[in-house]
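Enquirer: Give me the fold of what follows.
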Amino acid sequence: MEPGTLVRAVYEFCPSVSEELPIFAGDVVEVLSVVDEFWLLGKKDGVSGQFPSSFVEPVHVPHTEPGERLYVCTNDFRASSMSDLPLKRGDVLAVEGRAEGPWLCGRTSWGCRGLFPSSCARDLALSPRARGLVLDAPPGQLPPYGLATARALMGLKAQLPEELAFSEGDLITVLGQPEDGWYEGELAGRRGIFPQAFVELLGPLRPPTGEGVE
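Expert: I've put the predicted structure just below:
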């Protein structure tokens with residue numbers, strides 16, 4: 001993992017020695033170096049220390065346009081209207097301007113845009129190395145055959161061969177709606193169906209283009 005990479009804590013880690021860094025689920029940490037195959041050295045809120053690499057996952061950071069700033073979500077936000085942008089703690093998004101009211105308009109790395117409370121996020125401070133990685137990274141986007149991106153609200157263990165298994169927090173590309181209450185989706189090269197109730201859409205479903213996914 002390259003220094004400057006941003007990771008998000010999936011599990012809480014309580015240090016047992018002073019050289020270790022406490023992290024809580026949703027914390028965003030900048031990686032300073034790789035200690036070994038099991039440990040990373042990182043920095044969070046100005047404090048540096050080591051933490052297990054298996055306790056974190058990479059963060060998807062959106063490209064910023066002129067006038068935009070990066071924010072990190074500090075509290076979960078569930079959308080209540082189509083104009084809202086649902087967020088999970090640790091999500092990173094691009095926001096135009098500074099907070100001047102109770103709501104902000106943000107954009108995620110997968111192209112979803114919407115409103116969210118300014119109290120749910122704060123400025124994301126990046127080192128020059130981390131900012132360089134963000135600027136050089138290719139922008140994330142929904143594949144042309146995808147209808148939307150959905151985030152898993154809970155894990156699902158497939159009971160049948162045609163079902164798609166996933167874990168809480170996974171981002172799934174929605175491919176279609178084969179029947180009421182179900183989506184067809186793709187995750188890490190695997191495709192299958194899953195209940196709509198297990199996920200939240202991160203943007204409106206776009207109409208099918210008729211383009212195949214094979």
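
Enquirer: Quick one: find the helix or strand in the chain with the lowest mean pLDDT.
Expert: For the chain, the helix or strand with the lowest mean confidence is helix 128-136, at a mean of 74 (criterion: mean pLDDT, DSSP states H and E).

Enquirer: tell me the pLDDT at Val59?
Expert: According to the per-residue confidence, Val59 scores 83 in pLDDT.

Enquirer: Spell out for me which residue occupies the centre of the chain.
Expert: Asp91 (4.8 Å; C-alpha atoms, centre = their mean).

Enquirer: In contact with that residue, which residues?
Expert: The neighbours of Asp91, taking C-beta atoms under 8 Å, 6 or more residues apart in numbering as the test, are Val72, Cys73, Thr108. No exception for glycine: its C-beta is placed from N, CA and C like everyone else's.

Enquirer: next one: Met1
Expert: Taking C-beta under 8 Å, 6+ apart as the definition of contact, the neighbours of Met1 are Val7, Val31, Val34, Leu40, Ser53.

Enquirer: so where does the fourth one fall, helix or strand?
Expert: To tie it back to what came earlier, the one meant is Leu40. Leu40 is located in strand 39-44, with elements delineated by DSSP states H and E.

Enquirer: closest to Leu164 among the contacts of Met1?
Expert: Val7 (25.2 Å; C-beta to C-beta).

Enquirer: Nearest residue to that closest one in space, please, no chain neighbours.
Expert: Taking C-beta to C-beta, 6 or more residues apart in numbering as the measure, Val7 lies nearest to Val56, with 3.9 Å between them; neighbours along the chain are not counted.

Enquirer: try Lys43
Expert: Take Lys43 and drop its neighbours on the chain: the residue closest to it by C-beta to C-beta, 6+ apart is Glu30, 5.0 Å away.

Enquirer: what helix or strand is the one you found on?
Expert: In this structure, Glu30 sits in strand 28-34 according to DSSP H and E.

Enquirer: In its sheet, which strands sit next to that strand, and in what direction?
Expert: Strand pairing for strand 28-34, using DSSP bridges, gives strand 6-9 (antiparallel), strand 39-44 (antiparallel).

Enquirer: ok, back up a step: can you tell me which of the contacts of Met1 is nearest Leu133?
Expert: Comparing these against Leu133 with C-beta to C-beta picks out Val31 as the nearest, at 9.9 Å.

Enquirer: what's near enough to touch that closest one?
Expert: Residues in contact with Val31 (C-beta under 8 Å, 6+ apart) are Met1, Glu2, Pro3, Gly4, Thr5, Leu6, Val7, Leu40, Leu41, Gly42.
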